[in-house]
Structures are given as C-alpha cells and as structure tokens.
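K.L.:
Give the three-dimensional model of this entry:
(one chain, ligands or ions: 1)
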Amino acid sequence: MKNYKKLIASQLSSLIQVSEENDVLSLLEYPLNQGMGDISLPCFKLSKKMGKPPQVIANELKEKLNGDDIERVEAVSGYLNIYLDKKRFAADIVNGILQEQDRFGSQNIGQGRTIVIDYSSPNIAKPFHVGHLRSTVIGNALYQIFSFLGYKCIGINHLGDWGTQFGKLIVAYQRWGNKEDVEKGAIDELLRLYVKFHDEAETNPDLEDQARALFVKIEKGDAEAFPLWEWFVDISLKEFQKIYDLLGVSFDSFAGESFYNNKMGSVVEELHKKKMLVEDEGAWLIRLDDYNMPPALMVKKDGSSLYHTRDVTAAIYRQSTFHFEKALYVTDYAQSLHFQQWFKIIELMGYEWSKDLVHVPFGRVSLDGMSLSTRKGNVVKLEDLLQQAIRKIHTIIEAKNSNLENKEEVARQIGVGAVIFNDLSGNRIKDIVFSWEEALNFEGETGPYIQYTHARACSVLRKANGGASIQLIEQDLQIDPALIQEKETIGVLKELYFFTERIEQAMVKLEPSIVSRYLIDLAQAFNRFYHDHSILVEDPALRLARLSIVKCVQITLRNGLRLIGLESPEKL
Ligand SMILES: NC(=[NH2+])NCCC[C@H](N)C(=O)O
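P.N.:
Here you go, the predicted structure:
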C-alpha cells in the first residue's frame, strides 16, 4: 500500500526546492472537512522561506503538481488542497490489506534493535491492584506496538520482591501468623499480616527496628528468614500468574528487585570510586541539589539497599546484557521524581546511554471514586474486578444470545477486554475513574463496542460464505473499485489507510491510546457504512466489492485489538 503523504511530500519538495522532503511531510495535513482535499499543504508555513505570499505559492504548486494518484488540486486561501484519485486509492487499500492480512499496519522501523520494557511489576505479598493493571496494560500494548514495528522487545516484570517490607512481613508472620493460614489465605493473609504490622507499630516503634534487622538477615541469606521470603514470593507469584493468564499477558523475564542483590555491591563500589556518595550518619547518599532534587539514599546505615540502588543496578545490568536502544519504565506518575533522580545518577556516573532511559508515567485509577491504598488494606483486588466484569458480560450474553458456543470463553474475552480498553481509552497521563456502566457498554466508546463490531463483520462474512468461514476466496482479489465510491465507503477506506500511521504515532508518543481511539473511529466509520449499504446484494460484483470492505475492516480491527492486548472473538 502506498504512503500518500510521503508520495506527495517527495513531489512537492522537488517542486519547492527550498524544503527537504521530511520538512514538507511534517507540514502536510489531513483536512477534517470533506471539501478541503484529502491531503493539504498550508502554504503560509512556507511563505517566509520562499519569499512569496501563500496564495502565490499555492497557485504555482497547483499548476505543477500532478500524477496518476492525484485527481485534482485546488488553491484555496493559501492552502494547496490535493484530491486523490479515489478509484486507484480504493484498489490500493483493499488489495494491500487483503495481501498483508495479519501484517497489515506493520513496518520494519526497528530493524531488530532492542527495546526493554519494564512493566506491571507488582509487589510481592501485596495484592495486584488496578494501578498495576494499568502498568501491565500500557506496557503490554507498547510491547506489541514496538514488536509490530520491527523492534525486538524484552518485557521485564520488575517484581517488588526486596526491601524492608519483607522484614516487616516476617516479623508479623512470626508474631501473629502461622503456616496453615498463609497457605489457605495466600496474599489476603499476607496482606492482613502487613496491615497488622502497621497498626501495631504505631504504638510499638520497636517493631520497625526488628523489621529492618530481619531484612538485613534476608539480604545475607539467613537460614530461617531467607526461605520464608522465598515462600512468600512463591505464593504471590502464583496469584499474579492467574491474573496474567486472564489478561493474556506474558513476560520475557521475571527478574525482580531481588535479582540484583548480588549485583549491587559492585555498583556501590563504582559510586564510591566515582566519588558520588556522601556519608550521612552512617548511611550513604547522592546529593542532587544542583539539579533541584532531594538527595537519593543509596545505602542505609545497616548496609541494606534501597529502591534507587536496585534500579541503578538493574539499568546497568540491562544495558550490558541487552544493549537496548531504549529502556522504558511504565509506572504511575507519582514515581516521576524517583526516575528523574536515578536517571540523573546514571548520567553522573558517565554513562552516555542515560539519555535512552525513559519513564512512561500514567495517571491514577480510582474505582467509582474510591481510592486505592495498601497500608490500610482497602484495596480493590484486580482479580475480583476482572471476575466481576466477566460475570456481568456473561449475564448479558445469556440474555441476548444464550445459544452462543464457548460462552465462558467469550465472556472472558469481552469482560477482560472492557477493563483493558478502559485503561487505554484516554491519554495515559490522565487520571481515570473506572465505572462499570461505561466500561461494559456495548454502544459507547468501549472495548466491547469494537469487539462487537468485529464480530458483526465476521458474521456478514460467514453469511456470505454460506456460514462456513470468514475468509474471502482467491479470485475475490479482482474487485472493481468503481463500486466502492460512496461517501461512507470512502470514509471507511480513509480510516483503513490511517492505521499504519496511527501505530507509528502511538510508538513515537508512547501512547497506546492513539490505537484505541483509532479503533473507535474505524468501528464508527464501518457502522455508518454498514447502516447505509446492504452488503449481501444480488449483483455479484457489487457484493464482492462491499464484502472486501468488510473483510478489510475485520482484519484491521483484529490487528488493532491485538496491538492493545484485546482478543477478537468471531461470534458474539
Ligand atoms: N524499575 C521499576 N522501578 N519499576 C517499577 C516498579 C513498581 C513498583 N514495584 C511499584 O509497585 O510501585
């Protein structure tokens, strides 16, 4: 499939001469209004460079620009409005998508270069909450998008499995817990112990000291403390895995914070050698006043490590192991300062690749106004949320189409899809409030709406094939583009054309919501087309041409849904 913007930019730049192709490319727009061309050049942006008034530039270019793909060109109030030849355009889009199928929208921008993505990263012994879900969902979408664009991705789940909180947990376990209860209650019981610790520590500050001492023991591999820690990790991982299975998300590595325990020593040594550490009452920290940031504590006075220490160590390890082009860290924006601090530390250590470290922050999620905090224990557990979504969708399916095969599986795909899509529906930096009504609505701008539109396309294709399959047959590639020229049809074709570009924008801006919003636009354009034009008409040529549009939409919706981590059931 052709890249029309590029094609025109290259022609224009040779006509204009003062501007490079890429500069012209960045000036070209897709006008929102139908009567303003398919692609348009605002000539006032070239006026200074060319030393001519915009309308003069537009008039001159209008005379010179031509080519098979261009139907006509207009010069209107300083804009050069280019209309593409819609028959060629239609044939190019349809044939392109039918050929590329699953690969439609992909590019080889990365050429195999590596992107490390640190996402999900829940904390052991604490429930996986909706904040971690957002990290999981955004991280996974970035993983799919970068992979689709030719990068090799390494997905790392940087589990929060190290730190003083494990000392607290063991103190609490030894005082108020027992083996059976932990085996039965799993994370719920671990959380109860953790909360109990904090309640008791308010009146008995001695507990905090005991907890610190116990964590030091874990760091040293103590024969009693260390196996307890391992056990807690094991229990937590099993529960997390249930959620990953529901979501259909996987990782290349589960190397959590503890993985760096035996690697931090040499990094601390390096920091000493580089004279970056200052002593502060027996602890060691890095001053960052020159950069308007508070100091970063690297070694506690009992010798134990901190979140910063582990992140610096992990980054050095990842760079030397994977030689990444970029390392992304997907977390809540509340952690922004943490990342700014340690990115600066890497820079001060003299590593030029510090510029390749990128924090990808996102906004908070609240649940119908309820906030989510671990200390108090009033967290909404993600597994409950997902199971509830699945049950609700199941009820809807029972009511509307109780004969559906694999009801359970489809309910999972839609219920989970609704929750995932909700997290990706707006710019990631925005806070979101999860509302059941909005997320599960089949009519709104939701995951279920897109999945439903996809299933509707599948159903038309099946009907066309006598109920058998959603594939078009071989000779179907001969389509008369003159038959797919109605306004709504061109509307769909244009949306299909935008797919490749939107994926690239989503990658550049690290913003999967660009793909989710695109899918809403495409689904809406398709539903307008579907509403206004019958597909399974008598005339075989017209029927085939319209079916090809349905097939192209089906392929594109499926590819797009996959990129944001949603499945696309064929029947609903
Ligand atoms: N390399 C990192 N710091 N990744 C993010 C870790 C997130 C942390 N475990 C949390 O739940 O807040």
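K.L.:
residue contacts, residue 248?
P.N.:
416, 565, 567 (C-beta atoms under 8 Å, 6 or more residues apart in numbering). Where C-beta positions appear, they are placed from N, C-alpha and C, glycine not excepted.
K.L.:
same thing but at 10 Å, please
P.N.:
Listed by C-beta atoms under 10 Å, 6 or more residues apart in numbering, the contact partners of residue 248 are 140, 412, 413, 416, 417, 420, 565, 566, 567.
K.L.:
so can I have a markdown table of those residues showing pLDDT?
P.N.:
Converted to a markdown table, the contacts of residue 248 look like this (pLDDT from 0 to 100):
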| residue | pLDDT |
| --- | --- |
| 140 | 98 |
| 412 | 97 |
| 413 | 97 |
| 416 | 96 |
| 417 | 96 |
| 420 | 96 |
| 565 | 98 |
| 566 | 98 |
| 567 | 98 |
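K.L.:
ok, those residues vs the ligand, which is closest?
P.N.:
residue 140 (14.6 Å; C-beta to the nearest ligand atom).
K.L.:
wait, doesn't that closest one sit right on residue 117?
P.N.:
Yes - contact status for residue 140 versus residue 117: in contact at 8.6 Å, counting by C-beta atoms under 10 Å.
K.L.:
Can you show me the strands along the protein?
P.N.:
Counting by DSSP state E, the chain has strands at residues 39-42, 70-76, 79-84, 114-118, 152-156, 278-280, 283-286, 296-299, 326-332, 357-362, 365-367, 432-434.
K.L.:
How about the residues of the stretch 101-250 of the chain by the ligand?
P.N.:
Within the stretch 101-250 of the chain, the positions adjacent to the ligand are 118, 121, 122, 123, 158, 160 by C-beta under 6 Å from any ligand atom.
K.L.:
what about the residue nearest to the second one when sequence neighbours are not counted, how many neighbours?
P.N.:
Think residue 121. Leaving aside its chain neighbours, residue 121 sits nearest to residue 158 (4.3 Å; criterion: C-beta to C-beta, 6 or more residues apart in numbering). By the criterion of other C-beta atoms under 10 Å, residue 158 has 24 neighbours.
K.L.:
same question, residue 425
P.N.:
19.
K.L.:
so who does the nearest residue to it once chain neighbours are set aside touch?
P.N.:
Distances taken as C-beta to C-beta, 6+ apart put residue 516 closest to residue 425, at 5.8 Å, once the chain neighbours are dropped. Counting by C-beta under 10 Å, 6+ apart, residue 516 makes contact with 141, 420-426, 445-447, 450, 506, 560-561, 563-564, 566.
K.L.:
ok, residue 516 to the ligand distance?
P.N.:
23 Å (C-beta to the nearest ligand atom, to the nearest Å).
K.L.:
Tell me which residues touch the residue of the stretch 451-572 of the chain found nearest the ligand, please.
P.N.:
Nearest residue of the stretch 451-572 of the chain to the ligand, counting by C-beta to the nearest ligand atom: residue 510, 15.4 Å away. Going by C-beta under 10 Å, 6+ apart, residue 510 touches 138, 141-142, 145-146, 326, 328, 330, 358-361, 428.
K.L.:
Residue 524 too?
P.N.:
445, 449, 450, 453, 491, 492, 495.
K.L.:
all helices of the stretch 1-150 of the chain, in order?
P.N.:
Along the stretch 1-150 of the chain, counting by DSSP state H, counting those that start in this stretch, helices occupy 4-16, 21-27, 47-50, 54-64, 86-100, 130-148.
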